[in-house]
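1. Sharing a model that was predicted from the sequence below.
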Amino acid sequence: MLLQLGERLKRVRRQEGFSSTALAELVGISRTTLAAIESGDPSPSMGNYVRVMSALGVSADLALLASDALQITPGVEDRPRKRPAPAVSVLVKADGSHDAQDLQSLMLHKEAIKLMLSDPKLIDQALATLEEWRSSGSSHSRFLWDEWSVILHRRDWRRALSTSRRGRELRQASPLPTILPAPIRAAVLEQVSALKKGVLLGSKPRAPAAQGGPS
């Protein structure tokens with residue numbers, strides 16, 4: 001299973017246009033660890049597997065794996081069913097407007113970092129925005145803008161994507177969303193809006209297998 005998962009992650013990474021260096025930098029792991037994950041090595045922690053899946057946008061299946069409703073019986077597909085298989089469904093929902101806002105900010109920053117990894121010129125654009133803000137903006141945010149300048153020059157994306165309190169403060173004073181094209185921003189807002197209402201993940205029950213012809 002790990003071999004299959006690793007191969008899938010490698011395939012998705014290539015489809016998304018990530019080099020192994022870029023993805024490892026985005027996730028905050030070494031290239032060696034990423035190579036181990038893509039080869040299905042059991043030595044990397046589950047947390048690192050999850051981080052890679054999240055960065056590539058293939059982590060929805062984790063909700064099913066964590067659900068008590070998911071039960072798999074080997075060879076069950078080879079046996080006729082007398083009853084339909086039960087539906088497996090998990091409702092994924094953002095709890096409260098504050099959580100949804102944090103999620104929206106995090107998703108916007110992930111998309112911005114993807115763009116900057118593929119086009120480093122966008123980093124200069126974000127730095128230019130910072131300078132404009134410094135010359136005319138509020139002094140209360142200046143220390144956050146100074147930190148953003150360090151992040152952009154060092155390309156230390158882990159600080160930008162941190163879920164800590166400091167990470168949230170940084171994203172509130174971030175220039176990164178300004179580099180996003182309107183369609184990407186709209187797509188993120190639509191996803192977060194759907195999560196506020198609740199997104200149902202899962203499978204529909206299958207029809208019963210044929211029980212044979214008439215007697």
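-> Arrived safely.
2. burial count for the closest residue in space to L144 that isn't next to it in sequence?
-> Counting by CB to CB, 6 or more residues apart in numbering, L144 lies nearest to A173, which is 3.9 Å off, once chain neighbours are set aside. Where C-beta positions appear, they are placed from N, C-alpha and C, glycine not excepted. Neighbourhood size, A173 [other CB atoms under 10 Å]: 18.
3. Would you list the phi and psi of A173?
-> Backbone geometry at A173, expressed as degrees, to the nearest 10, gives phi -120, psi 30.
4. and it, what does it touch?
-> Counting by CB atoms under 8 Å, 6 or more residues apart in numbering, A173 makes contact with S141, L144, W145, W148.
5. Show me where this structure has its helices.
-> 2-15, 20-27, 31-38, 46-55, 61-65, 96-118, 121-136, 142-154, 157-160, 165-172, 182-197 (DSSP state H).
6. between these, which gets the lowest average pLDDT?
-> Lowest mean pLDDT within the helices of the chain: helix 61-65, a mean of 54.
7. so how far is K110 from the most centrally placed residue in the chain?
-> By CA atoms, centre = their mean, the chain has its centre lying nearest to S54, at 3.4 Å. Distance check for S54 against K110: by CB to CB, to the nearest Å, it reads 9 Å.
8. distance of Q4 from L34?
-> In this view, Q4 and L34 are 17 Å apart by CB to CB.
9. Between the two, which is the more surrounded one?
-> L34 (25 against 9).
10. give the contact list for that one.
-> Counted by CB under 8 Å, 6+ apart, L34 has contacts S20, L23, A24, V27, V52.
11. one more time with 7 Å
-> Neighbouring residues of L34 by CB atoms under 7 Å, 6 or more residues apart in numbering: S20, L23, A24, V52.
12. Would you point out the most distant pair within those?
-> Spanning the widest gap among those are S20 and V52, at 10.8 Å by CB to CB.
13. More neighbours: which of these two?
-> Neighbours were counted for S20 and for V52 using other CB under 10 Å; V52 has more, 27 against 15.
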